[in-house]
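Colleague: Sharing a model that was predicted from the sequence below.
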Amino acid sequence: MTSLRKQTKLSNGLTIVTETVDTVRSVALGYWVRAGSRYEPAELSGISHFLEHTVFKGTESRSTLDIAASLENVGGQLNAFTTKEYTCYHARFLSEYLEEAVDVLSDILLHPTFPESDIEREKSVVLDELRDSLDVPEELAFDTFEQFLYPGSSLGAPILGNETTIKAFNTEKLTHYLDQNYGPENTIIVAAGYVDHAELVKLVSDRYDRQSNGENGFVPFDTELYLPGKETRTKDIQQSHMIVGLPIFSVFDERRYDVAVLNSILSGGMSSRLFQNIREAHGVAYQIFSFVSLYRDTGSFGVYLATDPAKRDQAVALTMQELRKMVDEPVTSTELERVKSQYKSGIVMGDESMERRMLRLGRQQVYYGENMSLDIFLQKIEALDSDRIQVLARELFNPEMFFTSILEPATGQAVS
């Protein structure tokens with residue numbers, strides 16, 4: 001599979017990136033905006049996500065049905081998602097429908113009308129989504145974990161917001177937030193697949209007429225506000241859900257490659273340490289995995305598990321034991337090479353999907369303003385050795401710095 005990557009910056013600050021792949025006939029197109037939940041003041045918590053919903057409710061020239069049918073009528077797909085630090089509006093379609101895709105995505109971001117009647121209906125939908133999330137113990141445990149991990153910061157607030165803020169959204173607030181945060185210097189258009197760069201640049205230039213209003217700013221998280229400890233909450237559930245972890249470095253830190261492989265050693269499939277030694281060998285947790293989240297100024301590492309309340313102490317002890325092993329014993333060369341091969345294979349095979357490729361390119365552009373070639377990325381992973389993994393484990397796995405979020409059955413025993 002051959003590919004050609006090009007990048008253009010328009011006079012208004014909008015960036016357009018393409019990776020042309022001549023062995024496919026489809027395109028994945030994404031409009032990425034550096035505006036997520038961490039950019040929101042407390043009184044607008046959840047507005048990034050709510051805006052993502054409501055731009056699909058109509059524009060000056062399209063109804064809700066027109067937007068939904070714009071690509072579905074030709075076999076394509078249109079969707080969006082919101083994260084802590086960016087929002088992405090994306091489409092998949094056959095290459096001959098590039099103009100239609102650019103037209104509808106540009107229209108919903110430039111000319112949404114935000115009618116009050118649709119806003120009121122969408123409030124019910126988003127409130128249902130919020131209440132659904134509160135019924136999912138895993139999501140509730142993560143929300144609590146991040147709240148205590150990033151105190152006093154919008155980074156610790158749920159992406160969905162809360163009932164009070166959602167109910168207060170209106171046309172004026174949505175329009176103002178869009179105008180303030182969706183400027184061209186905060187927007188990146190990324191396409192992967194059978195796409196001509198010059199054609200995409202012309203299509204966008206003819207449609208995307210929003211003027212520059214500067215780059216979005218955010219309040220960096222003050223790491224001194226973090227306090228290790230434990231928070232226990234109860235809910236009418238059957239299992240204990242726990243997360244133990246701590247804040248770590250940002251997405252710009254070179255150790256991001258090290259922590260990716262360390263995370264894979266612990267949780268990269270059925271042969272990983274947590275799966276084999278806690279689920280398989282001891283049978284004390286059906287769900288267990290480690291995770292890494294990296295942001296512009298900070299990040300987190302943690303381990304999530306769900307278990308029978310009677311086995312929770314054993315599960316936590318075994319988890320801490322596995323982390324301690326990473327500190328005390330270097331990873332064997334055999335295990336490290338296996339994990340690196342698994343990790344690299346996942347990245348390479350993922351790139352065979354145009355959508356996955358577009359998502360990787362977009363995320364790199366959001367953070368770094370440029371794209372690293374797959375070969376260079378693989379070289380950085382290959383350069384890792386056991387000493388580097390152990391050094392990182394020693395830096396991170398200090399139990400005195402951990403925060404533990406526990407969601408217990410309401411009738412369960414108190415956690416000791």
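Modeller: Right, received. Where do you want to start?
Colleague: Quick one: the helices in the stretch 51-200 of the chain, in order.
Modeller: 64-72, 98-110, 116-134, 137-149, 163-168, 171-181, 197-207 (DSSP state H, counting those that start in this stretch).
Colleague: Pipe those helices into a markdown table and attach mean pLDDT, distance to Gly46 and mean neighbour count per row.
Modeller: C-beta coordinates here come from the backbone N, C-alpha and C atoms, glycine included. Formatted as a markdown table, the helices of the stretch 51-200 of the chain follow (pLDDT from 0 to 100; distance: least, Cβ to Cβ, whole Å; neighbours: other Cβ atoms under 10 Å):
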| stretch | mean pLDDT | distance to Gly46 | mean neighbour count |
| --- | --- | --- | --- |
| helix 64-72 | 96 | 21 | 16 |
| helix 98-110 | 97 | 19 | 21 |
| helix 116-134 | 95 | 8 | 14 |
| helix 137-149 | 93 | 12 | 20 |
| helix 163-168 | 98 | 5 | 15 |
| helix 171-181 | 96 | 11 | 16 |
| helix 197-207 | 97 | 29 | 16 |
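Colleague: Dump those helices into TSV; add distance to Thr298 as well.
Modeller: Listed next are those as TSV, based on distance: least, Cβ to Cβ, whole Å:
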stretch	distance to Thr298
helix 64-72	36
helix 98-110	29
helix 116-134	23
helix 137-149	9
helix 163-168	23
helix 171-181	21
helix 197-207	33
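Colleague: between those, which gets nearest to Arg38?
Modeller: Between Arg38 and the helices of the stretch 51-200 of the chain, the tightest spacing by Cβ to Cβ is seen for helix 137-149, at 10.8 Å.
Colleague: ok, and what's touching the closest one?
Modeller: With contacts defined as Cβ atoms under 8 Å, 6 or more residues apart in numbering, helix 137-149 is touched by 133-134, 155-158, 226-227, 229, 231, 233, 235, 237, 239, 241-243, 245-247, 287, 300, 302, 304, 306, 403, 405-407.
Colleague: coming back round to it: can you tell me which of the helices of the stretch 51-200 of the chain is nearest to His49?
Modeller: Proximity to His49 (Cβ to Cβ) singles out helix 116-134 among those, at 7.2 Å.
Colleague: correct me, but Ile243 touches Val303?
Modeller: Yes - between Ile243 and Val303 a contact is recorded at 6.9 Å, counting by Cβ atoms under 8 Å.
Colleague: all helices for the stretch 251-400 of the chain, in order.
Modeller: Under DSSP H, counting those that start in this stretch, the stretch 251-400 of the chain gives helices at 256-267, 273-274, 312-328, 333-350, 354-368, 374-382, 386-396.
Colleague: Could you dump those into CSV with mean neighbour count, distance to Val17 and mean pLDDT added?
Modeller: Shown next, in CSV, are these (neighbours: other Cβ atoms under 10 Å; distance: least, Cβ to Cβ, whole Å; pLDDT from 0 to 100):
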stretch, mean neighbour count, distance to Val17, mean pLDDT
helix 256-267, 21, 21, 97
helix 273-274, 21, 36, 96
helix 312-328, 17, 37, 95
helix 333-350, 15, 18, 94
helix 354-368, 20, 6, 96
helix 374-382, 13, 15, 93
helix 386-396, 17, 31, 98
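Colleague: Which residue ranges of the stretch 151-300 of the chain form strands?
Modeller: Ranges of strands in the stretch 151-300 of the chain, per DSSP state E, counting those that start in this stretch, are 187-193, 229-235, 240-248, 287-294, 299-307.
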